[in-house]
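> the sequence and its predicted three-dimensional model are supplied below.
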Amino acid sequence: MATLKEILTRRPVAATIRLTVPAGGAKPAPPVGPALGQYRLNLMAFCKDFNARTQKYKPETPMAVTITAFTDNTFEFTVKSPKVSWYLKKAAGIESGSSRPGHVTASTITLKHVYEIAKIKQSDPYCQYMSLESISKSIIGTANSMGIKMKLLSGLVFALCLFVPWVSANSSDVHYCNKKANYAVKRYHALFLLVQELPGIRFPHAENVNG
């Protein structure tokens, strides 16, 4: 919460600018140049700061930027990671979701993908106070709306985790079972710690989650 001093000394806002800029690729050219130039903001300062903040992401990852321009030609900005749908498509290895979600499956992802995306989204300004469980449930809902099913467990990992009480084996479709996802996500962190200790276990497309 802002202090009284911050409220009293807050600068008048000239505009709020929203852009999508590739990670590490801000340049004083469209769309950045014209958007900031009309308010006489320091383009080079923005580009340098933005590129420094987004260097942990793979190049060309689309970052959502909200710039607050003040009347004294100064500015502040926040950076958000890409939309959940973008990460889901990368993780699933598809260009677009299903045209008939609920009827036609576009692809599948694992709970590990959901967990990794949730960790990334938790760093966003508006999600930093949300629990990983809440963010994960939201991601699962988005995946369902895109026709992407949850591939909870498979092969050796599933066989071993049958002994873990929160995993149910009473479904005839445990391999692709969205209904179990909300239960499994409550314990996803412990499950992933277990899975990561198993030698030779690989998750498809895991290298694509970050871009």
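Arrived safely. Numbers count the residues shown, from 1 in each chain.

> alpha carbons only for contacts and neighbour counts from here, please
Will do.

> gap between residue 133 and residue 123?
14 Å (C-alpha to C-alpha, to the nearest Å).

> where do the domain boundaries of this protein fall?
With domains defined by automatic domain parsing, the chain comprises 11-80, 84-205.

> would you map the helices across this structure?
Remark: helices assigned in the chain by DSSP state H are 4-8, 32-37, 43-53, 84-92, 111-121, 132-145, 155-161, 181-184, 188-196.

> mean pLDDT lowest where, among the ones you listed?
Lowest mean pLDDT within these: helix 155-161, a mean of 42.

> how close does the residue nearest to residue 52 when sequence neighbours are not counted sit to residue 48?
Spatial nearest neighbour of residue 52, chain neighbours left out: residue 24 (7.1 Å); criterion: C-alpha to C-alpha, 6 or more residues apart in numbering. Distance, residue 24 to residue 48, by C-alpha to C-alpha: 9 Å.

> more crowded one of these two?
residue 24 (23 against 14; other C-alpha atoms under 10 Å).

> contacting residues for the more buried one?
By C-alpha atoms under 8 Å, 6 or more residues apart in numbering, residue 24 lies in contact with 50, 51, 52, 54, 55, 57, 59, 60.

> mind redoing it with 6 Å?
Contacts of residue 24 were listed using C-alpha atoms under 6 Å, 6 or more residues apart in numbering, and they are 51, 54, 55, 59.

> identify the residues contacting the third one.
Taking C-alpha under 6 Å, 6+ apart as the criterion, residue 55 is in contact with residue 24.

> can you check the second one too?
By C-alpha under 6 Å, 6+ apart, the contact set of residue 54 is 23, 24.

> again, but for the first one
Listed by C-alpha under 6 Å, 6+ apart, the contact set of residue 51 reads residue 24.

> change it to 7 Å
For residue 51, the contacting residues are 23, 24, 25, 26, by C-alpha atoms under 7 Å, 6 or more residues apart in numbering.

> got the phi and psi for the residue nearest to residue 52?
Per-residue torsions, residue 24: phi 70, psi 10 (degrees, to the nearest 10).

> tell me how far it lies from residue 17.
19 Å.

> next one: residue 149
Residue 149 is 36 Å from residue 17, by C-alpha to C-alpha.

> repeat that for residue 96.
28 Å.

> CA-only coordinates of stretch 50-70 in PDB, if you can.
The C-alpha trace of stretch 50-70 is given here as PDB (Å, rounded to 0.1, in the frame of the first residue of the first chain):
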ATOM      1  CA  PHE A  50      13.400  -3.500 -20.800                       C
ATOM      2  CA  ASN A  51      16.000  -5.600 -22.400                       C
ATOM      3  CA  ALA A  52      17.800  -6.000 -19.100                       C
ATOM      4  CA  ARG A  53      14.700  -7.100 -17.300                       C
ATOM      5  CA  THR A  54      13.700  -9.700 -20.000                       C
ATOM      6  CA  GLN A  55      17.100 -11.200 -20.600                       C
ATOM      7  CA  LYS A  56      16.200 -14.400 -18.700                       C
ATOM      8  CA  TYR A  57      13.600 -15.200 -21.400                       C
ATOM      9  CA  LYS A  58      14.300 -16.700 -24.700                       C
ATOM     10  CA  PRO A  59      14.700 -14.100 -27.500                       C
ATOM     11  CA  GLU A  60      11.400 -13.100 -29.300                       C
ATOM     12  CA  THR A  61       9.200 -14.300 -26.400                       C
ATOM     13  CA  PRO A  62       6.200 -11.900 -26.500                       C
ATOM     14  CA  MET A  63       6.200  -9.800 -23.300                       C
ATOM     15  CA  ALA A  64       3.200  -7.700 -22.300                       C
ATOM     16  CA  VAL A  65       4.400  -4.200 -21.200                       C
ATOM     17  CA  THR A  66       2.300  -1.500 -19.400                       C
ATOM     18  CA  ILE A  67       4.000   1.900 -19.500                       C
ATOM     19  CA  THR A  68       2.800   4.800 -17.300                       C
ATOM     20  CA  ALA A  69       3.800   8.100 -18.900                       C
ATOM     21  CA  PHE A  70       3.900  11.100 -16.600                       C
END
